[in-house]
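Novice: Everything below, folded, please.
(2 chains, ligands or ions: 2)
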Number of protein chains: 2
Amino acid sequence: GGVDKEVDFANYFCTYAFLYHQKEMLSDRVRMDAYYNSIMQNKHHFIGKSVLDVGTGSGILAIWSAQAGARKVYAVEATKMSDHARALVKANNLEDVVEVIEGSIEDVTLPEKVDVIISEWMGYFLLRESMFDSVICARDRWLKPTGVMYPSHARMWMAPIVSGLVDQKLDEYEGSMEDWYYFADEMQNDYGVNMNILSDAYSEEQRKYFLQTTLWSNLHPNQVVGTPSIIKEIDCSTATVNEILEVRSNFSTKITEEDARLCALGGWFDVHFRGSDQNPAQQEIELTTAPSVDQGTHWGQQVFLLHPPVNVSEGDELSVSFVMVRSKENHRLMEVDLNCEIKQVSGQPLKPIRKKFFIE
Amino acid sequence: GGVDKEVDFANYFCTYAFLYHQKEMLSDRVRMDAYYNSIMQNKHHFIGKSVLDVGTGSGILAIWSAQAGARKVYAVEATKMSDHARALVKANNLEDVVEVIEGSIEDVTLPEKVDVIISEWMGYFLLRESMFDSVICARDRWLKPTGVMYPSHARMWMAPIVSGLVDQKLDEYEGSMEDWYYFADEMQNDYGVNMNILSDAYSEEQRKYFLQTTLWSNLHPNQVVGTPSIIKEIDCSTATVNEILEVRSNFSTKITEEDARLCALGGWFDVHFRGSDQNPAQQEIELTTAPSVDQGTHWGQQVFLLHPPVNVSEGDELSVSFVMVRSKENHRLMEVDLNCEIKQVSGQPLKPIRKKFFIE
Ligand SMILES: Nc1ncnc2c1ncn2[C@@H]1O[C@H](CSCC[C@H](N)C(=O)O)[C@@H](O)[C@H]1O
Ligand SMILES: Nc1ncnc2c1ncn2[C@@H]1O[C@H](CSCC[C@H](N)C(=O)O)[C@@H](O)[C@H]1O
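Specialist: Ligands and ions are numbered 1, 2, ... in the order given. Presented below is the predicted three-dimensional model:
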């Protein structure tokens, strides 16, 4: 689809131009430790090598790559954050190694192909933001055939969830509709205008807002009430944009709690730093955004509300069909169609659940 | 300046496409009563006449115009809200009078010139959103020489204010800088990167966010501690875009409280429905967004923080130079340069206050 570059800048890149936002990412210890360790425990990938950092932001990954011994690091950043990255590189005495380049990676020309492409491109539920497209573009243009991708692999996960969010959002939706009817009455009585014709459209708008927009949440592991399933695996060295345009998965998951209230499906991702087959990592590092007691990340998990909640029992099986595509209006946002059939151990048939979601 | 239409749609119009947002405006009783009364108490302007509603939104002003007896109403709306407006018109049996047209008023062609242009174009502090440009364009193209503007006049006001917001925002700013220094320490200790070089830039960003961005507030009249001044008057029948591109005002205001803590300047507006000289209103109506105990509006007032606060006394005189221009990046947002000199009754000289603000 044709992407208006100016709109993309206004909607997407603008937030990254704030140090405040970069600091939030730099304050995510799980994220930071994973990238730091992946670099520092695999210096053989960096010593004397050329590196491309796609979307360098504050410059952090480029700086670590240089500190790990890279000969040359190209640090490309689309926003004016590049000025701050350049200042930071200089203040850390790495300006002989790290070259900060302001521009979209799609438009940039490098003087050489590189040994390593490093990037932190992951959005909510992995693919939101569609930034991996840019990494693929960089890889196809600028990575040597022997080169290594950091991270090298990525996976998307889903699992059944219990969460009070479903009650809260149902309440909010219902409260909002009560407001509407009160408002419509007032409009009729005080201003002589009959608003009833818009009630359905208002309800649809509010359902979308409260019930169909996926929610950010930092789930506790005990909110996961069934076996997590992998719904997508990506090999960063070979994946094409075509492979990630649409995510289709049919998976099944078993309830693992004796009695549970199925409120939602939760979605998260992990990425791995394994190097390549010919040039593997010495220490494989994993960065996971799965529900965790004390290893939460700024990505959290995405919650897809299934309302009304359904009572389920240990052994009940959910068969889920999941289809995620990019939204037509904004290729960095996603739309999901979910179909969920529940086979109860008791044999009782349950009405299939069918929902549409927006990852905004 | 060249305006990217797609960006403008993504940034500005998108919010108006939600019924939720239209409902917020329709729930503002002060706003609604003013427009309703201005129409219903001046039916001579509408009976048998042609009307253009610039930015009809839900269609409300077009519907009232028709109910007041208009022969024909052109209701132009840039967003898909036009579909809802059309449905509402039909449900209220006015489809023979009101024609809803989807499009920017700048691009629309009408079959005739009109007797009345009605529009609710006012943004925060009157001019934010720059929508009056579109009303001027409509007037110059489609209003008969004998036509009438609804509203007909507008004014911007400023006054000295006492407000706890200044302490709150100073605290937030300071807390945010403490965070930063803590963060920078951690980055040095745990990840070997010296962030100090970015401290100034971070501080500047946070100052802008907490202290230089004007704040929405519904002020109580007793927070106004000096005489309000008119800083701009607009005659909607004759004003040109050139006249509103920049607002320059040198005004002075006297402190009216015995002892007060000058914390901010507050800005608001009013508009008037007076018809035209040849065709005046039978009942003049005023819509004011001034601080009020129980007549608050969704516009509230804009607060320009003067920090640190200054102790002032009755009779002290503030000489303020105010310059407001449109922001280069987004013509619908504003930037303000304020210069404030305080002449104390006691004769004591005070350091002039000089601040830059962003109305975002
Ligand atoms: N196509 C593209 N070209 C250049 N930079 C891009 C890009 N797409 C996204 N970016 C930038 O990539 C960054 C992603 S956030 C990660 C920042 C940094 N690497 C860190 O790990 O902390 C943002 O700063 C964004 O502006
Ligand atoms: N240039 C333009 N052409 C057409 N519509 C415009 C416009 N600029 C702004 N608008 C529309 O004007 C409306 C302003 S809000 C006012 C809505 C309605 N008249 C009411 O009083 O309730 C928005 O719906 C916005 O989309």
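
Novice: Nearest residue to the middle of chain A?
Specialist: When Cα atoms, centre = their mean is applied to chain A, the residue found nearest the centroid is A:Tyr124 (2.3 Å).

Novice: Where do the strands of the stretch 51-200 of chain A begin and end?
Specialist: A:72-77, A:98-102, A:114-119, A:143-150, A:153-161 (DSSP state E, counting those that start in this stretch).

Novice: show me what contacts the closest residue to chain B within the stretch 251-360 of chain A?
Specialist: Nearest residue of the stretch 251-360 of chain A to chain B: A:Asn330, at 8.4 Å (Cβ to the nearest Cβ). From N, CA and C alone the C-beta is placed, and that goes for glycine too. For A:Asn330, the contacting residues are A:Asn11, by Cβ atoms under 8 Å, 6 or more residues apart in numbering or on different chains.

Novice: which non-adjacent residue is nearest A:Ser58?
Specialist: A:Gln22 (4.5 Å; Cβ to Cβ, 6 or more residues apart in numbering or on different chains).

Novice: What strand or helix carries the one you found?
Specialist: Mapping A:Gln22 onto the secondary structure by DSSP states H and E places it in helix A:19-26.

Novice: Mind listing what's buried along that helix?
Specialist: A:Leu19, A:His21, A:Gln22, A:Lys23, A:Met25, A:Leu26 (16 or more other Cβ atoms under 10 Å in any protein chain shown).

Novice: contact partners of it?
Specialist: Taking Cβ under 8 Å, 6+ apart as the rule, helix A:19-26 contacts A:15-16, A:31-32, A:57-58, A:60, A:81, A:84, A:120, A:298, B:180, B:183, B:187, B:198, B:201-202, B:205-206, B:209.

Novice: That helix: what's the following helix or strand?
Specialist: Downstream of helix A:19-26, the next assigned helix or strand under DSSP H and E is helix A:29-40.

Novice: Which residues of the stretch 101-250 of chain A lie near chain B?
Specialist: The stretch 101-250 of chain A comes close to chain B at residues A:180, A:183, A:187, A:190-198, A:201-202, A:205-206, A:209, as judged by Cβ under 8 Å from any Cβ of the partner chain.

Novice: quick one: which of those residues sit in helices?
Specialist: Among these, DSSP state H puts A:Trp180, A:Phe183, A:Met187, A:Asp190, A:Tyr191, A:Ala201, A:Tyr202, A:Glu205, A:Gln206 in helices.

Novice: Closest one of the residues you listed to A:Lys254?
Specialist: Among those, A:Gln206 lies closest to A:Lys254 (Cβ to Cβ), at 34.3 Å.

Novice: Give me the neighbour count for A:Tyr16.
Specialist: 17 (other Cβ atoms under 10 Å in any protein chain shown).

Novice: Disregarding residues adjacent in the polypeptide, which is nearest to it?
Specialist: A:Thr79 is the one closest to A:Tyr16 (Cβ to Cβ, 6+ apart), at 5.1 Å.

Novice: again, but for A:Thr56
Specialist: Per Cβ to Cβ, 6+ apart, closest to A:Thr56 is A:Ala75, 3.7 Å.

Novice: quick one, what contacts A:Ala87?
Specialist: Neighbours of A:Ala87 in contact, by Cβ under 8 Å, 6+ apart: B:Ile197, B:Leu198, B:Ala201.

Novice: from memory the second one sits against A:His84, does it?
Specialist: Yes. Applying Cβ atoms under 8 Å, one finds B:Leu198 in contact with A:His84, separated by 5.7 Å.

Novice: which residues are in contact with both of those two?
Specialist: With Cβ under 8 Å, 6+ apart, B:Leu198 and A:His84 have common neighbours A:Leu19, A:Ser58.

Novice: report the longest strand in chain A, please.
Specialist: Counting residues, the longest strand found in chain A (DSSP state E) is strand A:259-275.

Novice: for it, packing partners?
Specialist: helix A:29-40, strand A:153-161, helix A:165-191, strand A:280-288, strand A:301-313, strand A:334-343 (3 or more Cβ pairs under 8 Å, 6 or more residues apart in numbering or on different chains; DSSP states H and E).

Novice: in its sheet, what does it sit against?
Specialist: strand A:153-161 (antiparallel), strand A:280-288 (antiparallel), strand A:301-313 (antiparallel) (DSSP bridges).

Novice: For the first one, which residues meet the burial criterion?
Specialist: Right, strand A:153-161. A:His153, A:Ala154, A:Arg155, A:Met156, A:Trp157, A:Met158, A:Ala159, A:Pro160, A:Ile161.

Novice: could I get those as CSV with pLDDT?
Specialist: Converted to CSV, the buried residues of strand A:153-161 look like this (pLDDT from 0 to 100):
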residue, pLDDT
A:His153, 98
A:Ala154, 98
A:Arg155, 98
A:Met156, 98
A:Trp157, 98
A:Met158, 98
A:Ala159, 98
A:Pro160, 98
A:Ile161, 98
